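> Okay, predicted coordinates and the sequence, questions at the end:
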2 protein chains.
Amino acid sequence: MLGKNRIKLIKSLEYKKFRNKEKLFVAEGVKLITSLSDSGILIATLIGTPEFFAGAGKEKEAAGEIIIAEEPELAKASYLKTPPPCIALCRIPDYSTEEISPMEELVVCLDDVQDPGNLGTIVRLAGWFGIKDIVCSEQTADIYNPKAVQATMGAIAGVRVHYTSLIRFLEMHKQGNIEVTGTFLEGENIYSARLPANGIVVLGNEGKGISPELFSSITRKIRIPDFSGGPGKPESLNVSMAAAIVLSEFRRRTARA
Amino acid sequence: MLGKNRIKLIKSLEYKKFRNKEKLFVAEGVKLITSLSDSGILIATLIGTPEFFAGAGKEKEAAGEIIIAEEPELAKASYLKTPPPCIALCRIPDYSTEEISPMEELVVCLDDVQDPGNLGTIVRLAGWFGIKDIVCSEQTADIYNPKAVQATMGAIAGVRVHYTSLIRFLEMHKQGNIEVTGTFLEGENIYSARLPANGIVVLGNEGKGISPELFSSITRKIRIPDFSGGPGKPESLNVSMAAAIVLSEFRRRTARA
């Protein structure tokens, strides 16, 4: 049985304050939880229906605690419209930005991306394109927000998401001669610009783009060309669509799939 | 004053049945409505606060009917969390697939894309990349769903979205020697595949991809290479992210911005 207090705990993890206090985040659904258990993420508590546990494998073994619950209880605890057969409380991992080496990998920086869905989508894209580290400004949405976690579709297991001062992070690496590419509405055409295989690529806030205080750290400004022209011309691309196009273009140039 | 019946009408337009009956759809917010009034979309009724109308220009002149309403009334009628200063009831345009010429333009076909948000995002992308026509299977989400309309960010004004039998549409054009490119998890690497400047590109359903009954109409299968490999490897890209990457790659090859 799940119990009232446990449901209350799960619901409280919608808020960053409680996630930070408990050092836990919520993941829902078989696919996502299986991805997490395949990676280094620790599952503190695994809650599921008897049917789920009858079929569960590694994820059951990996969990610190098992709770068998009935569907109505899971429905009460769930953040999803269609409650899943299992919910996991996972330990928030502790990553260090010292492990990041933009000299040897392509690192994505996010400057105040606000929407948890956009953030989760970008992490999913990063997973697809083999990005290992995403460095977020402190004002960026929290990747452990339940909506962001679900939007990663499991990629949160393979991509390390860090939070730090972007100014300091970029300045430090600029001194190490790392190329820092920023996406703007004005800049070199991404299709013809020289793009490095490794280094840092910065994506900005949904409405405001990249903050002016980061401009001096950016060594190359690129833009995604706009092919429209008629009425209803969109003013910009959503940041997660821009991320899709930018990461695709970096990988097309520099890696072999 | 907006009045109860009008609010009821607006709310009923969440449902396709009522949209089809009234031949109307809802658009909210200054930016979106301005885009629509700049295009050929007819604004039957424009509802706004006195402050909105004090600043309104062409969109006011273009509207068939003007209703001045107070914020609390707009809040009751709105589909948005933060009610906008204006709501428009727009005439659903009547497009003919006969106007489409994949010999001279790049046409996007959507096979059962289910989520209105994904559909709206794809229309926004299409607007950015200068796509004029999107042909949807009859099971694809309705572009006049309020969520889809808002997600287009105005691009619905410049992109014609058609609904028809995709099988028939593709078969007809295949006989005209039009290249039909389909996106799959298996296929030629999109980065090295030959892509035509014009023709048709097909994107599939979120979960199931492209329906088997369309396979015989597809002349080239492409895939977006996956650069991941570690844990949490995403199984697929969301259809709107795939659209971003595919349209970017077609335009990179074949057009000049």
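Received, thanks.
> In the helix or strand bottoming out on mean pLDDT in chain A, which residues are buried?
Every helix and strand of chain A was ranked by mean pLDDT, DSSP states H and E. The lowest is helix A:58-62, at a mean of 81. Under the neighbour-count criterion of 16 or more other Cβ atoms under 10 Å in any protein chain shown, helix A:58-62 has A:59-60, A:62 buried. For glycine as for every other residue, the C-beta is placed from the backbone atoms N, C-alpha and C.
> for stretch A:152-166, same thing?
Buried residues in stretch A:152-166 (16+ other Cβ under 10 Å): A:152-163, A:166.
> could the residues you listed go into CSV alongside pLDDT?
Listed next are the buried residues of stretch A:152-166 as CSV, based on pLDDT from 0 to 100:
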residue, pLDDT
A:152, 92
A:153, 88
A:154, 87
A:155, 90
A:156, 90
A:157, 88
A:158, 88
A:159, 93
A:160, 95
A:161, 96
A:162, 97
A:163, 97
A:166, 97
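> from those residues, which is closest to residue B:132?
residue A:153 (31.9 Å; Cβ to Cβ).
> hang on, the closest one packs against residue A:32?
Yes: taking contacts as Cβ atoms under 8 Å, residue A:153 lies within contact range of residue A:32: 7.0 Å.
> ranges for the helices of chain A?
A:4-12, A:16-22, A:30-38, A:50-55, A:58-62, A:71-77, A:116-128, A:146-151, A:166-175, A:239-254 (DSSP state H).
> Mind giving me the packing neighbours of the longest one?
This means helix A:239-254. strand A:106-110, helix A:116-128, strand A:199-203, helix B:116-128, helix B:239-254 (3 or more Cβ pairs under 8 Å, 6 or more residues apart in numbering or on different chains; DSSP states H and E).
> So what's the model's average confidence on it?
In this model, helix A:239-254 carries a mean pLDDT of 95.
> Please tell me how far residue A:18 sits from chain B.
In this view, residue A:18 and chain B are 23 Å apart by Cβ to the nearest Cβ, to the nearest Å.
> how about the nearest residue to that residue, chain neighbours excluded?
residue A:12 (4.1 Å; Cβ to Cβ, 6 or more residues apart in numbering or on different chains).
> Mind giving me the packing neighbours of the least confident helix or strand of chain A?
Using 3+ Cβ pairs under 8 Å, 6+ apart, helix A:58-62 is in contact with helix A:30-38, strand A:43-48.
> who touches the last one?
The reference is to strand A:43-48. A:2, A:6, A:24, A:33, A:36-37, A:56, A:59-60, A:62-69, A:74, A:77, A:85-91 (Cβ atoms under 8 Å, 6 or more residues apart in numbering or on different chains).
> Tell me if I'm right that residue A:139 and residue A:112 touch.
Yes: the pair formed by residue A:139 and residue A:112 meets the contact definition of Cβ under 8 Å, at 4.4 Å.
> So for those two, which sits in the more crowded spot?
Neighbour count, other Cβ atoms under 10 Å in any protein chain shown: between residue A:139 and residue A:112, residue A:112 has more, with 20 against 14.
> Domain parsing of chain A, as residue ranges.
Domains of chain A are assigned by automatic domain parsing as A:4-91, A:97-254.
> tell me the most buried of the ones you listed?
Greatest average neighbour count among those goes to domain A:97-254 (a mean of 20), per mean count of other Cβ atoms under 10 Å in any protein chain shown.
> what's the span of that domain from first residue to last?
24 Å (Cα to Cα, to the nearest Å).
> What are the phi and psi values at the closest residue to residue A:229 other than its chain neighbours?
Nearest in space to residue A:229, with sequence neighbours left out and distances taken as Cβ to Cβ, 6+ apart, is residue B:130 at 6.6 Å. Per-residue torsions, residue B:130: phi 70, psi 30 (degrees, to the nearest 10).
> Residue B:203: which of the helices and strands packed on helix A:239-254 is closest?
Closest among those, using Cβ to Cβ: helix B:239-254, at 5.7 Å.
> Could you figure out how far the closest one is turned away from strand B:199-203?
160 degrees (axes from the mean of the first three to the mean of the last three Cα atoms, to 10 degrees).
> How far away from the center of its chain is helix B:239-254?
Relative to its chain's centre, helix B:239-254 lies at 15 Å (Cα atoms, centre = their mean, to the nearest Å).
> longest strand of chain A?
strand A:180-189 (DSSP state E).
> Check the gap between residue A:78 and residue A:35 for me.
18 Å (Cβ to Cβ, to the nearest Å).
> For stretch A:104-112, measure first residue to last.
End-to-end distance of stretch A:104-112 (Cα to Cα): 25 Å.
> ditto for stretch A:210-221
11 Å.
> What of stretch A:14-29?
Stretch A:14-29 stretches 17 Å from its first residue to its last (Cα to Cα).
> Would you mind giving the buried residues of helix A:58-62 as CSV with distance to residue B:104 added?
Listed next are the buried residues of helix A:58-62 as CSV, based on distance: Cβ to Cβ, whole Å:
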residue, distance to residue B:104
A:59, 53
A:60, 58
A:62, 56
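> Which member of those is positioned nearest residue A:176?
Closest approach to residue A:176 among the buried residues of helix A:58-62 (Cβ to Cβ): residue A:62, at 37.8 Å.
> which non-adjacent residue is nearest that closest one?
residue A:37 (4.5 Å).
> From residue B:15, how far out is residue A:81?
Residue A:81 is 18 Å from residue B:15, by Cβ to Cβ.
> now do residue A:165
Counting by Cβ to Cβ - residue A:165 and residue B:15 are separated by 48 Å.
> what sits against the one residue sitting closest to the centre of chain A?
Nearest to the geometric centre of chain A sits residue A:123, at 3.4 Å (Cα atoms, centre = their mean). Neighbouring residues of residue A:123 by Cβ under 8 Å, 6+ apart: A:134, A:143, A:148, A:151-152, A:155-156, A:159, A:161.
> Which one of the residues in the stretch 51-200 of chain A is closest to chain B?
Closest residue of the stretch 51-200 of chain A to chain B, Cβ to the nearest Cβ: residue A:157 (2.9 Å).
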